[in-house]
Structures are given as structure tokens and as C-alpha cells.
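Enquirer: 3D model of this:
(one chain, ligands or ions: 1)
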Amino acid sequence: MHEMSYCEGVLDAVNRRARGRPVARVGVRIGAVHRVVADAFAQSFQLAAAGTPAEGAATVLVVVPVHGHCMDCRNEFDAADPSPACPACGSLDVAVSGGDEVILEWIEYVSANAERSDEHVPAHTHEGV
Ligand SMILES: [Zn+2]
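Expert: Below is the predicted model of the structure:
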């Protein structure tokens, strides 16, 4: 389940900001190119967060679409599919940009205080690098 590698980066950012406060929910914006499945992400986060202030926190994912530029008909469009076909002409010759961010957007604490974050989180964490 590759969602776990994303959870670790998000969880690090959450716990750094929470500083021991219990976390109720976290909002994460994640680019479509990462192909993260919301349910798998939520499950991975629960596992990773056990024993930290984020234990039991719900995750709210917003998937950021990729931007497509059709090389055949020059159509510009957004797509949730990271390898989209052009919706205008059906061409697969599409240049894709964006949709690659991972951002911890907000944190909601059990005390009902919410905090904006907008912190960029590394998509993959590499221990000891
Ligand atoms: Zn096209």
C-alpha cells in the first residue's frame, strides 16, 4: 500500500504543529499524479498515527487535478486521471502538468480550534537522508 509513504510525511508535519494537542481531523491536498486512494490513505494514517497526538484523527483528502494540454487539438483541460485522454478529440497525445503537490492544508484539534497550515509535505520520506 504505497499510501503509507505519504502518510509518514503528513504525520510528521501534523505532529510538529500539534505539539501534543490531540488532533481531530487533518485536511490534505494531494496531486492526482500520486494516485492516492482516500480510503487507503485514511487506513494508513490510522496505523502510522497510533501512539501520537494524531491517533484517531480523520483525514480529509482533496485531490488536485492535473492540467492537460492536447498536442493534437490544443485543448486545455483539468483531469483527475494522471494519464488522461483529451475530452475534446480523444487523443492520448496529451502533455500533463501540475497535480503533483502534497500539502497539509489544515489541522482541526479536538478542542475545536482549526489551524491553517498550507505546508508542503515531501511526497516520500527517506529515513536518514
Ligand atoms: Zn484534443
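Enquirer: bridging residues for the residue positioned nearest the centre of the chain?
Expert: When C-alpha atoms, centre = their mean is applied to the chain, the residue found nearest the centroid is residue 30 (2.6 Å). Going by DSSP bridges, residue 30 is paired in beta bridges with residue 63, residue 102.
Enquirer: is it true that it touches residue 99?
Expert: No - look at residue 30 against residue 99 with C-beta atoms under 8 Å: they stay out of range, at 9.1 Å. Backbone N, C-alpha and C define where each C-beta goes, glycine included.
Enquirer: Overlap of the contact sets of these two?
Expert: Common contacts of residue 30 and residue 99, defined by C-beta atoms under 8 Å, 6 or more residues apart in numbering, comprise residue 64.
Enquirer: if I look at the residue nearest to the centre of the chain, how far off is residue 109?
Expert: Using C-beta to C-beta, to the nearest Å, residue 30 is found at 22 Å from residue 109.
Enquirer: Okay, buried residues for the lengthiest helix in the chain please.
Expert: Of all the segments of type helix in the chain, defined by DSSP state H, the longest one is helix 3-18. Using 16 or more other C-beta atoms under 10 Å as the burial criterion, the residues of helix 3-18 that qualify are 3, 5-15, 17-18.
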